[in-house]
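Trainee: I'd like to go over a predicted model; first the sequence, then the structure.
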Amino acid sequence: MSKIVGIDLGTTNSLIGVMEAGFPVLLADRDGQRLTPSVVHYSAPGAEPLVGGAAKRIRGVKPKETVYSVKRFMGRRGSEIAREDMIVTYPVKGQGVDPITIEVHGRDYSPEEVSAEILKKLKADAEAALGETIDRAVVTVPAYFNDAQRNATKKAGELAGMQIERIINEPTAAALAYGLDKLKKRARIAVYDLGGGTFDISILELNDGVFQVLSTNGNTRLGGDDIDAALTDELARRLAEQLKMHVENGLLARLREEAEAAKCRLSFEEKVDIALPFVQGEKSFTTTITREQLEILARPIVEKTRANCLRSLSDAKLKPEELDEVILVGGQTRMPLVFRTVKEIFKREPNTTVNPDEAVALGATIQGGILSGEISNMVLLDITPLSLGIETFGGLMNVIIPRNTTIPTKAGELFTTAVDKQKSMKIHVVQGEREMVKDNWSLGQFEIEFEPAPKGVPRVGVQFEIDANGILSVLARDIKTGHQKVVEMKSAVDVSDSEVEKMVAESVEHAFDDIAERQWIETKIKSGAMLEGTRKALAQVGKSIVDDEVKEIEQLMTNVEHALEKGNLAELHEANAALDKGTVALADLVMDLALQAALERKLK
Ligand code: AMP
């Protein structure tokens, strides 16, 4: 079987590895570099782009033609990107439902195409190092990547000429790299991953060599880049003050490089001198940044991870003391402030025995080894970060696969129609934690057709299946005829996304309102059905019922209508119950008449 490489396609840097004689080994490029900056520079229209270190070096002088942090745009539409994220040095296009594109030399590139260039370089470097063709890979993604983002990653791999055998969550890969599978029979591990552009916290449980993700949380827009930006702003402020000049984009890009380099050095040094010669004619810019000053700027950013960690612990129903291990992943965790913050949150010294830049790629490589059969007896289980379900009557979300379910998984439910003579049912697939569909994210929709029948008669089975890559297929089947449709939720245009952590926080914040709204809608639906049923019954029984009784029932119906108008849930409950009770005799009468009619038909 051909080799399966492991790839960490990072926001800032990417890596590739392969199993050699039972060990995961990361491969270097011709310059001996294992860390490939995830930067692509398009030098001229139609020319082969420059990728990696060379592109990163050019970024300062050619900011408009050099694409970095493209992972933030993978599988996303314009409306899903916050304004501040649109501010990069290269032109990003895409408004509303349009997928994001990047315009360079008058051509629009998709984020997948840009990522494919990074993957092509990794593939070529690996082929040169190994002397054989590589066409199969395992690629990692942040735990919070939704279907569209995972699919975009898969597509990037295909564009680069590789079959993506498996997409795995970065924290899960990291735990493998730390060799935690050999820790002891049963252990709980927190993986704190702060990279350049994303933050993930996952709590894993290990049982006899099998990993299961108990909970995940994070922020798809938080990382070392934000600290760089804060330090860049500070440097720009100092420069403007020192040289009494306006800081243009080109200069800002230079300052950004200085800021990142200074930040990294300040992880090991107490202060760093920065000197930028010939900023304005002969004039140079010089300044000193201390670790303390950097920490003041970085603290609010690092602090943001605390809430995610606490939520992840509470989702896993664990106290910090119950964890066996906390591991650090992502280059930004080298910052002493990050180490201290993690230690404080989890009340234990984090494990830093694996290079935090390389842990994810090593884990992906190990997973590649498992898939190609080079390593046995290890299984990886992942979970769904958000609940998945479909829209039901009244705009309510009906959950089919709850949040934090172990994948691969399959679950289904039977649904029926709410209106007479309905010919089809809309299957609107929704992801999120809120009770109302409008507050969740739409993943796509399709129709399943069936023979028209009275309401409540058609039976449509809806089944959700999530494969090992976290990709969702939805099957809808008309039970009567067996007619069915299977739709894979994948394209960036069909799938919308926003921040998972925002969704979870909002669901907690709005829990009471949401439940009240659900109760109101459910009660309202019940009122509608009862009013319609009562009207029909009254018409059916005609003169077989005395006027007084009719009046009484009509009054009860009016009470329901009033309660509906007023929007008072308790009152509506009461009115529904009264109408229910007040129509028992009517229902009996309808039944008697039906029986009588049937009998008469028989006697004829
Ligand atoms: P990753 O996405 O895991 O490659 O992490 C990259 C991020 O880690 C970038 O923001 C880097 O600036 C940051 N980083 C790398 N090395 C260090 C270091 N020694 N100290 C602080 N941050 C670092």
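Mentor: Cool, the structure landed. Treat the numbers as computed from the prediction; the structure is a model and nothing was measured.
Trainee: apart from its chain neighbours, what residue comes closest to whichever residue of the stretch 151-300 of the chain sits closest to the ligand?
Mentor: Here the residue of the stretch 151-300 of the chain nearest the ligand is Gly224; by C-beta to the nearest ligand atom that distance is 2.0 Å. C-betas here are computed from N, CA, C, even on glycine. Nearest residue to Gly224, sequence neighbours excluded (C-beta to C-beta, 6 or more residues apart in numbering): Gln332, at 3.9 Å.
Trainee: dump the residue contacts of the one you found.
Mentor: Gln332 makes contact with 194-196, 223-224, 227, 338 under the criterion C-beta atoms under 8 Å, 6 or more residues apart in numbering.
Trainee: distance of it from the ligand?
Mentor: To the ligand, Gln332 is 4 Å away according to C-beta to the nearest ligand atom, to the nearest Å.
Trainee: of the contacts of Gln332, closest to Arg76?
Mentor: Comparing the contacts of Gln332 against Arg76 with C-beta to C-beta places Gly223 closest, at 16.4 Å.
Trainee: give me the neighbour count for the closest one.
Mentor: Using other C-beta atoms under 10 Å, Gly223 is surrounded by 27 other residues.
Trainee: surely it and Leu194 touch.
Mentor: Yes: Gly223 lies in contact with Leu194 (C-beta atoms under 8 Å); the separation is 6.1 Å.
Trainee: common neighbours of these two, please.
Mentor: Contacts common to Gly223 and Leu194, judged by C-beta under 8 Å, 6+ apart, are 330, 332.
Trainee: helix/strand/coil for Ile296?
Mentor: helix (DSSP: H, G, I helix; E, B strand; the rest coil).
Trainee: go on, Gly75?
Mentor: Per three-state DSSP, Gly75 ends up coil.
Trainee: got the phi and psi for it?
Mentor: Phi and psi for Gly75, reported as degrees, to the nearest 10, are phi 60, psi 30.
Trainee: C-terminal to the helix ranked longest in the chain, what's the next element?
Mentor: Secondary structure of the chain per DSSP state H: the longest helix is helix 511-541. The C-terminal neighbour of helix 511-541 among helices and strands, as given by DSSP states H and E, is helix 547-566.
Trainee: which other helices and strands contact that following helix?
Mentor: helix 511-541, helix 569-582, helix 584-603 (3 or more C-beta pairs under 8 Å, 6 or more residues apart in numbering; DSSP states H and E).
Trainee: get me the contact residues on the protein for the ligand.
Mentor: Residues of the chain lying near the ligand by C-beta under 6 Å from any ligand atom: 10-13, 195-196, 223-225, 260, 263-264, 267, 330-332, 334-335, 357.
Trainee: include distance to Gly363 when you put the helices and strands packed on helix 547-566 into a markdown table, please.
Mentor: Shown next, in a markdown table, are those (distance: least, C-beta to C-beta, whole Å):
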| stretch | distance to Gly363 |
| --- | --- |
| helix 511-541 | 36 |
| helix 569-582 | 50 |
| helix 584-603 | 63 |
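Trainee: please produce CSV containing the ones you listed, extended by mean pLDDT and mean neighbour count.
Mentor: Shown next, in CSV, are the helices and strands packed on helix 547-566 (pLDDT from 0 to 100; neighbours: other C-beta atoms under 10 Å):
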stretch, mean pLDDT, mean neighbour count
helix 511-541, 83, 15
helix 569-582, 88, 16
helix 584-603, 78, 11
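Trainee: let's see if you can find the most crowded of the contacts of Gln332.
Mentor: Leu194 (30 neighbours).
Trainee: how about the residue in the stretch 301-450 of the chain positioned nearest to the ligand, what does it touch?
Mentor: The stretch 301-450 of the chain approaches the ligand most closely through Gly331 (2.5 Å), counting by C-beta to the nearest ligand atom. Residues in contact with Gly331 (C-beta under 8 Å, 6+ apart) are 12-13, 195-196, 224, 264, 356-357.
Trainee: same check, this time on Gly394
Mentor: Counting by C-beta under 8 Å, 6+ apart, Gly394 makes contact with 521-522, 524-525.
Trainee: run the last query once more with 10 Å
Mentor: 418, 436-437, 517-518, 520-522, 524-525, 528 (C-beta atoms under 10 Å, 6 or more residues apart in numbering).
Trainee: nearest to Ala240 among these?
Mentor: Met436 (47.9 Å).
Trainee: return the set of residues that bridge with that closest one.
Mentor: Leu396 (DSSP bridges).
Trainee: ok, it touching Asp514?
Mentor: Yes: in terms of C-beta atoms under 10 Å, Met436 counts as a neighbour of Asp514; the distance is 6.8 Å.
Trainee: intersection of neighbour lists for these two?
Mentor: Met397.
Trainee: what number of residues lie near Lys543?
Mentor: Lys543 has 7 nearby residues by other C-beta under 10 Å.
Trainee: do the same with Lys120
Mentor: 19.
Trainee: and the pLDDT for it?
Mentor: Per-residue confidence (pLDDT) for Lys120: 97.
Trainee: list the buried ones in whatever helix or strand it lives in?
Mentor: Element membership for Lys120, per DSSP H and E: helix 111-130. Within helix 111-130, the residues that count as buried by 16 or more other C-beta atoms under 10 Å are 111-126, 129.
Trainee: before we move on, what about stretch 101-108?
Mentor: For stretch 101-108, using 16+ other C-beta under 10 Å, the buried residues are 101-102, 104.
Trainee: out of those residues, flag the one nearest to the ligand.
Mentor: Nearest member of these to the ligand, counting by C-beta to the nearest ligand atom, is Ile102, at 19.8 Å.
Trainee: for the closest one, helix, strand, or coil?
Mentor: Per three-state DSSP, Ile102 ends up strand.
Trainee: where along the stretch 201-350 of the chain do the helices fall?
Mentor: Assigned by DSSP state H, counting those that start in this stretch, the helices in the stretch 201-350 of the chain fall at 224-243, 249-265, 291-315, 336-346.
Trainee: got the domain boundaries for the protein?
Mentor: Under the assignment automatic domain parsing, the domains of the chain span 4-223+298-382, 224-297, 388-496, 512-603.
Trainee: how far away is the closest residue to Val247 other than its chain neighbours from Arg107?
Mentor: Take Val247 and drop its neighbours on the chain: the residue closest to it by C-beta to C-beta, 6+ apart is Ala236, 4.5 Å away. According to C-beta to C-beta, to the nearest Å, Ala236 and Arg107 sit 31 Å apart.
Trainee: pLDDT at Ser496, what is it?
Mentor: Checking the pLDDT column for Ser496, the value is 40.
Trainee: same check, this time on Gly209
Mentor: pLDDT, read off for Gly209, is 65.
Trainee: now Pro458
Mentor: For Pro458, pLDDT reads 84.
Trainee: same question, Asp228
Mentor: For Asp228, the model assigns a pLDDT of 96.
Trainee: in this structure it contacts Gly196, no?
Mentor: Yes: look at Asp228 against Gly196 with C-beta under 10 Å: they come within range, at 8.4 Å.
Trainee: what's the overlap in contacts for the two?
Mentor: Counting by C-beta under 10 Å, 6+ apart, the residues touching both Asp228 and Gly196 are 12, 260, 332.
Trainee: closest to Gly94 among those residues?
Mentor: Thr12 (22.2 Å).
Trainee: name the nearest residue to the closest one, ignoring sequence neighbours.
Mentor: In space, Thr12 is closest to Gly196, 2.8 Å off (C-beta to C-beta, 6+ apart).
Trainee: now swap in Val114 and tell me
Mentor: That would be Val70: by C-beta to C-beta, 6+ apart, it lies 4.5 Å from Val114.
Trainee: distance check, that neighbour against Lys263.
Mentor: 21 Å.
Trainee: burial of Leu243, as a residue count?
Mentor: 16.
Trainee: quick check, pLDDT for it.
Mentor: 93.
Trainee: burial of the residue nearest to Asp98 when sequence neighbours are not counted, as a residue count?
Mentor: Closest residue in space to Asp98, ignoring its immediate chain neighbours: Gly78 at 5.1 Å, by C-beta to C-beta, 6+ apart. Applying other C-beta under 10 Å, we find 17 residues neighbouring Gly78.
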